[in-house]
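# sequence and predicted structure, then a few things I'm wondering about:
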Amino acid sequence: MGVQKLPIAKAINESLRTALENDPKVLIMGEDVGKLGGVFRVTDGLQKDFGEDRVIDTPLAESGIVGTAIGLALRGYRPVVEIQFDGFVFPAYDQIVTQLAKMHARALGKVKMPVVIRIPYGGGIGAVEHHSESPEALFAHVAGLKVVSPSNSSDAYWMMQQAIQSNDPVIFFEPKRRYWDKGEVDKDAIPGPLHKAGVVREGTDLTLAAYGPMVKVCLEAAAAAAEEGKSLEVVDLRSMSPIDFDTVQSSVEKTRRLVVVHEAPVFLGTGAEIAARITERCFYHLEAPVLRVGGYHAPYPPARLEEEYLPGLDRVLDTVDRSLAY
Amino acid sequence: MGVQKLPIAKAINESLRTALENDPKVLIMGEDVGKLGGVFRVTDGLQKDFGEDRVIDTPLAESGIVGTAIGLALRGYRPVVEIQFDGFVFPAYDQIVTQLAKMHARALGKVKMPVVIRIPYGGGIGAVEHHSESPEALFAHVAGLKVVSPSNSSDAYWMMQQAIQSNDPVIFFEPKRRYWDKGEVDKDAIPGPLHKAGVVREGTDLTLAAYGPMVKVCLEAAAAAAEEGKSLEVVDLRSMSPIDFDTVQSSVEKTRRLVVVHEAPVFLGTGAEIAARITERCFYHLEAPVLRVGGYHAPYPPARLEEEYLPGLDRVLDTVDRSLAY
Amino acid sequence: MTVESTAARTPRRSSTSGGKRASAKKAAPKKSTEPELVQLLTPEGKRVKNAQYDEYVAGITADDLRGLYRDMVLTRRFDAEATSLQRQGELGLWASLLGQEAAQIGSGRATRDDDYVFPTYREHGVAWCRGVDPTNLLGMFRGVNNGGWDPNTNNFHLYTIVIGSQTLHATGYAMGVAKDGADSAVIAYFGDGASSQGDVAEAFTFSAVYNAPVVFFCQNNQWAISEPTEKQTRVPLYQRAQGYGFPGVRVDGNDVLAVLAVTKWALERARTGEGPALIEAFTYRMGAHTTSDDPSKYRNDDERVAWEAKDPILRLKAYLESEGHADEGFFAELEAESEALGKRVREVVRAMPDPDLMAIFENAYADGHALVDEERAQFAAYQASFADEGGK
Amino acid sequence: MTVESTAARTPRRSSTSGGKRASAKKAAPKKSTEPELVQLLTPEGKRVKNAQYDEYVAGITADDLRGLYRDMVLTRRFDAEATSLQRQGELGLWASLLGQEAAQIGSGRATRDDDYVFPTYREHGVAWCRGVDPTNLLGMFRGVNNGGWDPNTNNFHLYTIVIGSQTLHATGYAMGVAKDGADSAVIAYFGDGASSQGDVAEAFTFSAVYNAPVVFFCQNNQWAISEPTEKQTRVPLYQRAQGYGFPGVRVDGNDVLAVLAVTKWALERARTGEGPALIEAFTYRMGAHTTSDDPSKYRNDDERVAWEAKDPILRLKAYLESEGHADEGFFAELEAESEALGKRVREVVRAMPDPDLMAIFENAYADGHALVDEERAQFAAYQASFADEGGK
Ligand SMILES: Cc1ncc(C[n+]2csc(CCOP(=O)(O)OP(=O)(O)O)c2C)c(N)n1
Ligand SMILES: Cc1ncc(C[n+]2csc(CCOP(=O)(O)OP(=O)(O)O)c2C)c(N)n1
Ligand SMILES: [Mg+2]
Ligand SMILES: [Mg+2]
């Protein structure tokens, strides 16, 4: 197959296709995933090639989608469920946290829940209400779930492969505003572990930690900072549950400063946990408190305000400066 | 009326009664809240005295309860909704985070959402699955909601009065295992602000911050520590959204050490936010990282294991020692 | 006692088939033949009698009929303008009601001022009937707000995007109306797709148990984005009601007169203490789901063409003309009024300012919140820092 | 076209009433007269003919009948033992099935080994039919686990406490059965209270749309804790099904033969590709909701006494005796077997060890999780510290 240059959306599409080909138990389910191929075309062409029994247009009911996926998993299937937009996952929240997350433990390990829940998430696409949210902390807090988010095409492809192979439920957050960003995918590669963070840019003065859509912003910030003579390291966390604290710790032991960036509101966002834990692990290394850049404690604003609500280059650099000033 | 000694459950009952008497728009809604008076008897006698139009037994559907409460609020009512147990709030989660929390902002302030959602929460009562959870972080992360939890009878009475008077939705977490703990209630008192934390025991060596059921554990820990010559200050946070960081900060500036205790899992629990923010505010004061004691990242265990899962005296003191050892 | 569904049932397999089930899809019952619709105007514009519902439009005047026609024409014009404003980049998105004018105007005009309406995101025609200025509807589609009107001014709630949620709000509101002893009614709009949401079922349950004065108005426009109604139900949707203990009716959603009559009937029932009812307005989404959608991916244009013959506006026009209720002058004047509306909408939208940045923090809470105060102050200082730098 | 509910309707108010609605409660339709139940054995134990369902129990032998009787007696004995074990502090809680034995044994015995069962938390009788050792059911009520058996051993899923959730799992499982081309069926249990949950409605929708081989078995025991069925619906629950496009039946839930027949009918339909069905087993919760509950707070004992006359066990006993299918010896032997069961249950429960502390971390994940590993290690070290201190 070799190396291909693919947008993230297409990389996921190909990953789903590969999974459908390799394992007859893999199913795709969701609203409009069939003929339409999903509102973002992530499942484009899959129903045509694998049929309505494998790629299933569901009734418009998220609890029903996840609840029946649980039943299908109990029967031995591996459903990959699409939630159309971040803001529409909440009707399924009960089935996810109360049933999907706990079933394996409840059954003392006798049943497995290999269900992937795909959620296009985050803002920056000028959408109407409920189409731009970042609810990952609401899943990461819940034991029994795994929560990941790729930031580039290669990860999108491989992390989806691994999520589908996982015997635990995986909430797979897709950075929707990066769907059309292209990157190389090597389908013959041997991927690293699903829940391992990666240092995507090395630096010595400060660590930026991010995932999903914010990795690009952090890389841009690092490039801009470099012009001002500041050397920023960027860690792509990739997984929000579990979080690879070891990688962050190693980086912070070197740089002694950490700024965490996510679109989700700062208050009780994943950055809170990272700040708390890295402070504990690196108490004698940190020269500044762990700082956080993220959304405000207000409902996601209308599109014309989202640029100001979302962490952008300026706010990241501003916070970097605040950290460096300690 | 003067001062009375009341268990927490009864203090809430009296507070609801007072609210029903004072404001004809106040309604009580929930499963079994009528004749039965709720499974914990918190609404005991209210339907008898205020009738079925004010104290409403609802169909068994939490989304429906909260969704209709929203409609009633739009009509000018002030519904106080009971969710029977912590683990049963999730079917209503969508209506809470997507509608209740955002309606005021969506309407540019033109409508108000004076809805109180009462949730008996937490473990320690030897119950079956779903009856012992502490999901407060899942609400505190959501903008538009306020989240509080009383730890004693006086607060139970007064915070409920204030929650009902609030024009914002309040998630009112009731520490179910303390329902029968008695304390004084002065119905003629003038209560402090709803979202203000209180120093419930003064000390100089370390601050313990907690809320709801864990305040008692922290007070006991402080008493035990005092015998060993350690002076612990205990802050009752009372509110998880907003959190009164000023009070915690003042305390930590004095004691230079902080341990946060809650039943909820540590990972992304409210302690994470407190650790992150207090570390930022008190970076040069802290002699030890903020440490946290809480539940583990595993589904709430069966009753015979809950003593080990829940933070108890020993674990709190152990963590205090770890902090003091820095 | 067995209640058989009205769907055609697949005959039981003979035991010689080995008892093995073929794929569920093949075995699914065939769609039943379409049930009778309540219709007062045929697609050709002929008035047909209806023993049950004629009384609800008995007093209707030529003026009223022209009014309904005008409402539909202006709504369509407004809708077309919004679609083109989206094309021009003035709106981020638009959800067109094209084809659903009769369903919306007929039901909207059946409401009284003191009734309360809970729309989805597509009820531009109902908003029009309620007196909401159409330009107010555009704010959320332009991205300047998430709901641009005071719901209590016209008793028209904000648009609700999360499917089905508003049916519970409507039910709760109606419970409040009943508590108040008022004789108003409430009407909740939702789509064929929405009928699958648990919230809608819970709204049915609550409204029935409390006998709340709420009318559930389902616009079955045959599609939920790319999914045909068969993906939501295998029997006609109006039948859903009976299992909850209240009546369901299917009305020709492209017949404004029939919709008016049936909705009046249902609202009147609600007002007089008979509780909820479900109306299924059988209609068609002539356009894309929204401007982001491309229906050619999933549906055949033949279907749309067939529905063109049932156009709600042409139908009423034919009736007006055949009855001599409207002359050239009326149509010409309406054309001019349409143009003026289009122009006004265009101008207002183009002049619609972006919200103040601080609006991010406004109205997050009614009574304030310490964290919001803190973040607002930080944000203000941060914004000011750019000004200091002379705009970095 | 209007579908009227079968509930009696309140007459429309005369206009002289001023159009004001009295409280919704007063205006609510009266409960309809009870619909006909499918019944094969009268409360007195007389066999009555039923044209539709007799065939499903046509081949039943005296042995089978004694078997059903034995199942009910042993289940009741087990249940009583569990209740008293709770009183003795050996269990934290118990949810008694007293009164519902026929509903559970009749339906449970209708299932085939390859069928799959999704219970609530009260289906001890169904568990018995599936071959689950009753002592396995007690773990969660004792607090030593949250589900103590492998669901796939007996095709009996774990107890589900959150109301209604399991109906969706059952539907999904049934969709999988259909995909596999298997001719098994699935049965989902739920209560009258559960019928109000959105999840149950969504299960109806999904099962109908995919024509999944699932039977929804509602034990209407008249109460959801303190709430009578009127708080969930104003028409009989079995009617809910028709609005989703599949049949609903109300069966006498205290008549084990009728339940067996109706459930066989429904499972057979499902197996042969006819899709879902709803069975409402009309029965009564003779005891408290659980051992934590005090029904004297909310219901009159007269009601319970009236239902005693319809006792499922006495009814079958009367039939067995009148037909000469069972003699003294049978009853005496069964009595001895009951006692032995009670004794075994008591012994097993009392000997049931507390789980190992490390079980807190077991099975949180199937493939492991770094944070759990870290916390497990900390916890182990913490526990070890006590040992070091010689048990602080
Ligand atoms: C809970 C939820 N899930 C998914 C969506 C995405 N979505 C928006 S409109 C729509 C289809 C709605 O169909 P229908 O109810 O028939 O209304 P119509 O758009 O045809 O008017 C979907 C799936 C949503 N808004 N809310
Ligand atoms: C979602 C949810 N809400 C509330 C509860 C608390 N609860 C447990 S049983 C019960 C009543 C159930 O009634 P029903 O469905 O009729 O079943 P029954 O107990 O009569 O067998 C309630 C309210 C729950 N378990 N789950
Ligand atoms: Mg539609
Ligand atoms: Mg019941």
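Thanks, I have it. It should be emphasised that the depicted structure is a prediction, and the values quoted were computed from it without experimental measurement. Ligands and ions are numbered 1, 2, ... in the order given.

# show me where the stretch 201-326 of chain A has strands.
Secondary structure of the stretch 201-326 of chain A by DSSP state E, counting those that start in this stretch: the strands cover A:206-210, A:232-236, A:239-241, A:258-265, A:291-295.

# may I see those strands organised as CSV, with distance to B:Leu237 added?
C-betas here are computed from N, CA, C, even on glycine. Shown next, in CSV, are the strands of the stretch 201-326 of chain A (distance: least, CB to CB, whole Å):
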stretch, distance to B:Leu237
strand A:206-210, 28
strand A:232-236, 32
strand A:239-241, 25
strand A:258-265, 19
strand A:291-295, 20
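
# among the ones you listed, show me which one is buried the most.
Highest mean neighbour count among those (mean count of other CB atoms under 10 Å in any protein chain shown): strand A:206-210, with a mean of 29.

# partners of that one, with directions?
Applying DSSP bridges, strand A:206-210 is found paired with strand A:232-236 (parallel), strand A:258-265 (parallel).

# I would like the residues contacting it, please.
Strand A:206-210 is contacted from outside by A:151, A:197, A:217-218, A:221-222, A:230-237, A:248, A:251-252, A:254-262, A:274, A:316, A:320, A:323-324, using CB atoms under 8 Å, 6 or more residues apart in numbering or on different chains.

# what's the answer for stretch C:224-233, then?
Contacts of stretch C:224-233 with the rest of the structure, by CB under 8 Å, 6+ apart, involve A:31-32, A:34-36, A:39, A:57-60, C:31, C:191-196, C:220, C:222-223, C:237, C:240, C:289, C:293, C:295, C:297-299, D:205, D:208-209, D:244-245.

# indicate whether that stretch makes contact with ligand 1.
Yes. Counting by CB under 6 Å from any ligand atom, ligand 1 is contacted by stretch C:224-233 at C:Ala224, C:Ile225.

# mind listing the helices for chain A?
Secondary structure of chain A (DSSP state H): helices located at A:8-22, A:46-50, A:62-74, A:93-94, A:103-106, A:136-140, A:153-165, A:214-227, A:245-255, A:270-281, A:306-309, A:313-324.

# which of the ones you listed is buried the deepest?
Counting by mean count of other CB under 10 Å, helix A:62-74 has the highest mean neighbour count of those, with a mean of 29.

# just the angle between that helix and helix B:62-74, please?
Taking axes from the mean of the first three to the mean of the last three CA atoms, to 10 degrees, helix A:62-74 and helix B:62-74 form an angle of 170 degrees between their directions.

# chain center to helix A:62-74, what's the gap?
Offset of helix A:62-74 from its chain centre (CA atoms, centre = their mean, to the nearest Å): 21 Å.

# dump that helix to PDB, restricted to CA.
The C-alpha trace of helix A:62-74 is given here as PDB (Å, rounded to 0.1, in the frame of the first residue of the first chain):
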ATOM      1  CA  GLU A  62     -28.500   8.500  20.300                       C
ATOM      2  CA  SER A  63     -29.300   6.500  23.400                       C
ATOM      3  CA  GLY A  64     -30.800   3.900  21.100                       C
ATOM      4  CA  ILE A  65     -27.700   3.800  18.900                       C
ATOM      5  CA  VAL A  66     -25.300   3.300  21.800                       C
ATOM      6  CA  GLY A  67     -27.700   1.000  23.700                       C
ATOM      7  CA  THR A  68     -28.100  -1.300  20.700                       C
ATOM      8  CA  ALA A  69     -24.400  -1.200  20.000                       C
ATOM      9  CA  ILE A  70     -23.900  -2.500  23.500                       C
ATOM     10  CA  GLY A  71     -26.300  -5.400  22.700                       C
ATOM     11  CA  LEU A  72     -24.500  -6.100  19.400                       C
ATOM     12  CA  ALA A  73     -21.200  -6.100  21.300                       C
ATOM     13  CA  LEU A  74     -22.700  -8.700  23.700                       C
END
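
# give me the low-pLDDT residue ranges for the chain?
Assuming you mean chain A. Chain A contains residues with pLDDT under 70 at A:1.

# please go with chain C instead
Applying pLDDT under 70 to chain C flags residues C:1-35, C:389-392.

# tell me which parts of it are close to ligand 1?
C:122, C:161-163, C:191-194, C:221, C:223-225, C:285, C:289.

# chain neighbours aside, what residue packs nearest to C:Gln90?
Residue C:90: Glu, not Gln. Excluding the flanking residues, the one nearest C:Glu90 by CB to CB, 6 or more residues apart in numbering or on different chains is C:Val349, at 5.2 Å.

# so which residue is dead centre in chain C?
Nearest to the mean C-alpha position of chain C, counting by CA atoms, centre = their mean, stands C:Glu123 at 4.3 Å.

# still on that earlier bit, what about the residue nearest to C:Glu90, distance to chain D?
Applying CB to the nearest CB, to the nearest Å, the value for C:Val349 to chain D is 38 Å.

# return the distance of the host helix or strand of that residue from the chain's centre.
Using DSSP states H and E, C:Val349 falls within helix C:328-351. How far helix C:328-351 lies from its chain's middle: 23 Å, per CA atoms, centre = their mean.

# excluding its backbone neighbours, what's nearest the residue in chain C positioned nearest to chain A?
Across chain C, the shortest distance to chain A (CB to the nearest CB) belongs to C:Gly143, at 2.9 Å. Leaving out its chain neighbours, the residue that sits closest to C:Gly143 by CB to CB, 6+ apart is A:Ala303, at 2.9 Å.

# how many residues are close by that neighbour?
Applying other CB atoms under 10 Å in any protein chain shown, we find 27 other residues in the vicinity of A:Ala303.

# how deep is the residue in the stretch 101-250 of chain A positioned nearest to ligand 3 tucked in, by neighbour count?
Of all residues in the stretch 101-250 of chain A, the one sitting closest to ligand 3 is A:Val128 (17.5 Å; CB to the ion). Look at A:Val128: counted by other CB under 10 Å, it has 22 neighbours.

# go on, A:Ala101?
Counted by other CB under 10 Å, the residues lying close to A:Ala101 total 24.

# next one: C:Tyr116
C:Tyr116: 29 surrounding residues under other CB under 10 Å.

# and the stretch 51-200 of chain C, which of its residues are near chain D?
For the stretch 51-200 of chain C, the contact set with chain D under CB under 8 Å from any CB of the partner chain comprises C:52, C:175, C:178-179, C:181-183, C:195-200.

# which parts of chain C are strands?
Ranges of strands in chain C, per DSSP state E, are C:2-3, C:116-118, C:186-191, C:214-220, C:223-224, C:227-228, C:248-252, C:277-282.

# got it, and the stretch 1-150 of chain A?
Along the stretch 1-150 of chain A, counting by DSSP E, counting those that start in this stretch, strands occupy A:3-7, A:26-30, A:55-57, A:78-82, A:116-121, A:146-148.

# contacts only, for the residue of the stretch 51-200 of chain C found nearest ligand 1.
Here the residue of the stretch 51-200 of chain C nearest ligand 1 is C:Gly191; by CB to the nearest ligand atom that distance is 2.3 Å. C:Gly191 sits next to C:Thr120, C:Arg122, C:Ile163, C:Cys218, C:Gln219, C:Asn220, C:Asn221, C:Ala224 when contact means CB under 8 Å, 6+ apart.
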